Each structure stands twice: as C-alpha cells, then as structure tokens.
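> need a structure here:
(chains A and B)
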Number of protein chains: 2
Amino acid sequence: MANVRPVEELLKSFNDFMKNIDWKQQPDTLYAPVDYMMKLGGKRIRPLSLLVITEILNGPAEPAYQAAYGLELFHNFTLIHDDIMDNASIRRSKPTVHSGFGLNAAILSGDVMMIESMRFILKAEQLIQKKSLSELFIRTAKEICEGQAYDLAYEKTATVKYSDYLKMIRLKTSVLLGFAMQAASIIASKEALGESLYKAGILIGQAFQLEDDWLDLFSDNPSFGKIKGGDIIQGKKTAIIFELLECLNEHSKIDFIKWYEDEKDPQKRLAEVEAGINQYEIRSKLLDRIKQFQDQALRNLQELELEDHLKLQLTNFVQSVFKREV
Amino acid sequence: MANVRPVEELLKSFNDFMKNIDWKQQPDTLYAPVDYMMKLGGKRIRPLSLLVITEILNGPAEPAYQAAYGLELFHNFTLIHDDIMDNASIRRSKPTVHSGFGLNAAILSGDVMMIESMRFILKAEQLIQKKSLSELFIRTAKEICEGQAYDLAYEKTATVKYSDYLKMIRLKTSVLLGFAMQAASIIASKEALGESLYKAGILIGQAFQLEDDWLDLFSDNPSFGKIKGGDIIQGKKTAIIFELLECLNEHSKIDFIKWYEDEKDPQKRLAEVEAGINQYEIRSKLLDRIKQFQDQALRNLQELELEDHLKLQLTNFVQSVFKREV
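Numbering: from 1, shown residues only, chains lettered A, B, ... in the order given. The predicted structure is shown next:
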C-alpha cells in the first residue's frame, strides 16, 4: 500500500519547498513584488491537490513539487493582473501588488512570474521525460485568460445566461484545478486516469466557486475583511443572481437585470435581492446545485480504474480539503 | 551549396505564414487586440534572422517558422505591455493597444500572447526533438523583463552609468536577437555554433539600439511620425547623453544630469545638448562606438567553424538587414 503522507505534512513540505525558491534577485524593482506575492499566503489547494494525488498514485515527488510550484506561481501571476483589472486594493488583508508597488511593477512582475512558471513546468517535464505536461499547461493558461476576458465582458453585458456564467468560472478558475489533478496522473505515469481526474477537478472547482458565491450571502462566519452580501452590494452577477433569474419568466428577468444594474442604493439592492432569495428559496436551490457538482465529481473518482483503498484516499482528500462550512 | 532564398522571399513567406495564424477566436475582447497588434506591421528582423540563418545552416524550415512566429509573438507582447508602462499612445502611426482597446484588454491580450508564444516554441522543439530551445527562450524572456525593469528604474535614477545603460539595452532588446540567431543553430543541429551566433546577435542588437539613439538626433530622414531630437526633448537618457557625460569630469557630470533632469523648457534642453554635442564631437564618437560593436559582431561571424561561402552569406545577410542610414 502506498505510503501517503497526511495533507498537513504535505502542505508543510510544500511551504518549505516554496521558501527555498529565492526571489531576492536583481533588479529588486522586478523581483520584490514576486517575493511579496508568493509570501502573501493562501490555502495552496491547487499545488496540494497535485502533490497529494501524485503521492496516492505512487508517482515521483521531485517533478510533482516542481509542477506544483509552477502552477502556484502561475495562479499568483493571474491574481496580480486580475487585481489590476478589478481595481482591487486589498488581498488577504494586505495591499495588492499594484497598490503597494505601482501599476508598472504589477504588470511586469506578473509577466516574469508567468515566464518563470513555465520554467518550473518544463523542469518537471524534463524529470519525467514527457511532453504532455507543458501542452496541458499552456492550454489551461490560455483558457484562464479567456475566462478573465469573459468575466470582464460580462460585467458590461445585461444578457448573460447562467450557462455563460458557469462557462466563465470554469475557464477562469476550475481548469487550473483540472490541470493540477491531470498533471498528477501524468507525473505518476497513470495517463489512463488523466481525463477522469481532469473532469473531477473541473467539477470540484465549479462547486468550490459556487460555494464562494453562496458563502457571500449565507456564511455565518464571513472570511476576515469580507462583508456579508458584499457581492450583491457591489452589484456583481454571481450564482445567487443567476439562480434567482432561473425562477423568473422572460419578461421579469429583463426587468430584474435592468433594475439590478441601475439601482443606485446598494443596501436597497441587497434588501430586495434578499426578499427574492427568500421567496424563491435560493439558499437551498444553490446548495442543491453545488451538491450536484460535488456528487458528480465523487462519482467520477469512484469510476477510476484504481484499487479501492486508493480511491478511498482520493475521495477522503477531496472531501477534507474542499469541505467548507456550507 | 545550400540553396538560400533571398531575404525578400523569406520575408514574404514568413508574412504568409503569419497570415495563416488565425486570431479570430472567441472571446473577441481577448483576441481582437492580438489580431490588431500582429497586423500592425514591422520589419520582422528577429524572425527573419532566425529563418535566414537556419536556411544558411541548412536546417529544416517548419520548426524555424514555428520558432520565428513564437518569438515575433513574444516581441509583440512586450511591445503592448511596454506601451502601457511608457504611456505611449501611438505605435506605427496607429493607436497602441491600450489606447485603442483599453488598459485591461492590453494587459490580458499581452498575457495570452506570451502564453501562445510558448506554444509555438514548444511546437518547434517537438519537431526537432530537442529541449534546449525552450530553455534558451525562457531565459531570454526573463532577461527582457529585467531589461524593462532597469529601463523604468533608470528613469528615476540620476546616477546611471553608461555601462548600466548598455546592460539595460542588452537585456531589453539585444538578447532576443541573440536568441533568434542561437535558435537557428539549434534548429539546424549546429549547436557548436550557438554561442558565437548568440554573441554576434547581442553585438548586432547593441549596435542597432545605439543607432536608434544616434538617428534620433542625426538622421537626415527621420522615420514617419518622429521628431528630430525627440528623445532629448522628452528628457530621455539615451546613448547621446551618456557619450556626452563621458567627456565631462565627475563634478560637471553631476551638474549636467541635474540640469538635464530639471530643465523645464524642452527646446532649451535640446539646444544646450546640441551645443555640447558639437563641442565634444559626439556625433562621430557615438558612430565609432556603433562601429566597434558591428566590427566585433562581424569578427565573431568570421571566426565561426563554417565553410567560407556560408560565412559570406551570413555576413551579407547581417550587413543588408541591419544596414541603416548611419
């Protein structure tokens, strides 16, 4: 039986690996923001998924760490550039890179992080003597840019559908988890499992993102620095709004979106949305949808051609890491 | 004897190759700026160098086109992001991407171009079954970011030396020509020539950039849209200024830089710089320096372990493509 380390131990060892990557390079104006961003913390669920699944599949550790770091670096590059585009000044209770270091540094440091992420992916590929990791990575990276572009475009589009929104969050966030899980299968030379793991990663990612939307309004314990209903107050079109739209007829939909976009008083917007949420039981409807994604992901994992005790480890990992207070 | 096509024919065939790369993808908000930028034109000297040298070395055409396109895509990505950082609104007499499509599109479309440039480099690598192309490309890409960071930093630094400036332009622009020339040796399986070709590329790049600085002031026929002495009018520290500083003692240097940075009247700045240029014969001094770089590059090419008729083709190419009105 494969000797799989506990998640906490793997996270600790990944954090140690991260500490050993030296960003104290010259010019400081380029690399100090990289160092700052990579030390800002985070749950590291994407690299962790890659590491844990590689270990469950009995793959080699070194290429897994290299690929995990590459994907975390890439993820953080997207956060820096997204924060510019979203005009966000705070991340993890600290100034965003463009707030702290300026716009130019944020653009350029993000660029070099993207370039360096490829170096780590190629290093992993070299260790396993395979080409497919970088292909999957580049496809994923391209999709993430597309997801962000859809996100920006949808802010200005009144006629966005729920299916558009689900596609956008899949591209913007879920594909990187799909990459993490399929990459593990490549590193462990279990390519036959790759597609199913990728699909499971996408479903888990979708559930995770929809939970974010759900928690914005229904969390009893909002994350530090977050305001209850903050998304609605800011007029964002999250899954909450799309669930509500699903309950309206075509005519009411148009009226609702127009009102939602035009309403000047954020508290009034929140109060009216909350009334609709109660009327149409959106809290449980969105929960059901999240559960559908999760159940489908677990079914995909159950159907893997893998020994039962490994499947159990896999589902235990997914349920422990992606479990939230929903 | 290798059948090397004329430069004009290779340029035409590369332009045809470019036309066949389809950027009419969705979402349009992401890819329309890419399409716009790649059709903005340009001399394509970097991809052309890669193609011509591969052909002189009798290497395969297909991977050369893929790598040449990857590097041209990367180059254009850097132009888009640099134009943001430099607040430039016009490029090639047309609006820059951020002026025409907005800041967010310029950041994100640049990002996807960088990602896609890797796809072409890896495609070339796959065709030649070698790993060294992407390694060289990533190192080069990282250095280009460093060059841009130095460029931005030096704008705010009074104590920049000529050697700092030469290092900055090497990183910002010359290394990509070095990459183009060394990549040709890899694609043609003439790795032994790689280092010398790389060095020659760097020297040609340095000469080319210094010529740009020289032409700003001494061209009898400024490029369309360019004002004679535009760099000095804008208060840029180009090679002209560094040549002038070389002629001053330590004390006068400090006074001059302080005056140059503080002078509010751009025409007065230009007039006084021109007086210094005449006094210290900067026109010919900078020309001599450019010639030194060019001569060293040609000596490097002469020392290549290569048949004489191929050396001749190589030097003819370099002299024809990089020849300017200096």
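
> where does pLDDT dip in the stretch 151-300 of chain A?
Counting by pLDDT under 70, the ranges of the stretch 151-300 of chain A that qualify are A:222-225.

> for the closest residue to A:Gly59 other than its chain neighbours, what are its contacts?
Residue nearest to A:Gly59 in three dimensions, not counting chain neighbours: A:Ala188, with 2.8 Å by C-beta to C-beta, 6 or more residues apart in numbering or on different chains. To be clear about C-beta, it is placed using only N, CA and C from the backbone, and glycine gets the same treatment. By C-beta atoms under 8 Å, 6 or more residues apart in numbering or on different chains, A:Ala188 lies in contact with A:53-54, A:57-60.

> drop anything exposed from these.
The neighbour count (16 or more other C-beta atoms under 10 Å in any protein chain shown) marks A:53-54, A:57, A:59 as buried among these.

> of those residues, which belong to strands?
When those are checked against strands (DSSP state E), there are no matches.

> okay, and which of those map to helices?
Among the buried ones among the contacts of A:Ala188, the ones falling in helices (DSSP state H) are A:53-54.

> what distance do you get for A:Met241 to B:Lys285?
Not quite, residue A:241 is Ile, not Met. 67 Å (C-beta to C-beta, to the nearest Å).

> again with A:Pro47
Taken as C-beta to C-beta, the span from A:Pro47 to B:Lys285 is 54 Å.

> next: A:Leu306.
Distance of A:Leu306 to B:Lys285, computed by C-beta to C-beta: 72 Å.

> which of those two has more residues huddled nearby?
A:Leu306 (20 against 17; other C-beta atoms under 10 Å in any protein chain shown).

> grab the nearest non-local neighbour of the more buried one.
Per C-beta to C-beta, 6+ apart, closest to A:Leu306 is A:Leu193, 6.8 Å.

> neighbours around that neighbour, how many?
A:Leu193: 22 neighbours (other C-beta under 10 Å).

> re earlier: phi first, then psi, for the residue nearest to A:Gly59.
The phi and psi values for A:Ala188, taken as degrees, to the nearest 10, are phi -90, psi 10.

> ok, A:Leu166 next?
The phi/psi pair for A:Leu166 (degrees, to the nearest 10) reads phi -60, psi -40.

> contacting residues for it?
Neighbours of A:Leu166 in contact, by C-beta under 8 Å, 6+ apart: A:Gln206.

> can you pull the contacts of A:Glu125?
Neighbour list for A:Glu125: A:63, A:131, A:133-134 [criterion: C-beta under 8 Å, 6+ apart].

> just the buried members of those residues?
Buried, going by 16+ other C-beta under 10 Å: A:63, A:133-134, out of those.

> I'd like the residues you listed as JSON lines, with secondary structure and pLDDT appended.
Output for the buried ones among the contacts of A:Glu125, formatted as JSON lines (DSSP: H, G, I helix; E, B strand; the rest coil; pLDDT from 0 to 100):
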{"residue": "A:Pro63", "secondary structure": "helix", "pLDDT": "98"}
{"residue": "A:Leu133", "secondary structure": "helix", "pLDDT": "97"}
{"residue": "A:Ser134", "secondary structure": "helix", "pLDDT": "97"}
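
> neighbours of A:Ile233, how many?
15.

> for it, give me its contacts.
With C-beta under 8 Å, 6+ apart, A:Ile233 has these contacts: A:227, A:266-267, A:269-270.

> and A:Lys268, how many residues sit next to it?
As a burial measure, A:Lys268 scores 10 neighbours (other C-beta under 10 Å).

> now do the one helix or strand it maps to: which elements does it pack against?
Assigned by DSSP states H and E, A:Lys268 falls within helix A:266-279. For helix A:266-279, the packing partners by 3 or more C-beta pairs under 8 Å, 6 or more residues apart in numbering or on different chains; DSSP states H and E come out as helix A:230-233, helix A:239-246, helix A:250-262.

> how far off centre is the next helix or strand after that helix?
Scanning forward in sequence from helix A:266-279 by DSSP H and E, the next helix or strand is helix A:282-302. In terms of C-alpha atoms, centre = their mean, to the nearest Å, the gap separating the centre of helix A:282-302 from the centre of its chain is 17 Å.

> neighbouring contacts of stretch A:286-306?
The contact list for stretch A:286-306 (C-beta under 8 Å, 6+ apart) reads A:192-193, A:196-197, A:199-200, A:203-204, A:206-207, A:210-211, A:213-214, A:239-240, A:243, A:311, A:314-315, A:318-319, A:322, A:326.

> now with 7 Å?
Contacts to stretch A:286-306, defined as C-beta atoms under 7 Å, 6 or more residues apart in numbering or on different chains, come from residues A:192-193, A:196, A:199-200, A:203-204, A:206-207, A:210-211, A:214, A:239-240, A:243, A:311, A:314-315, A:318, A:326.
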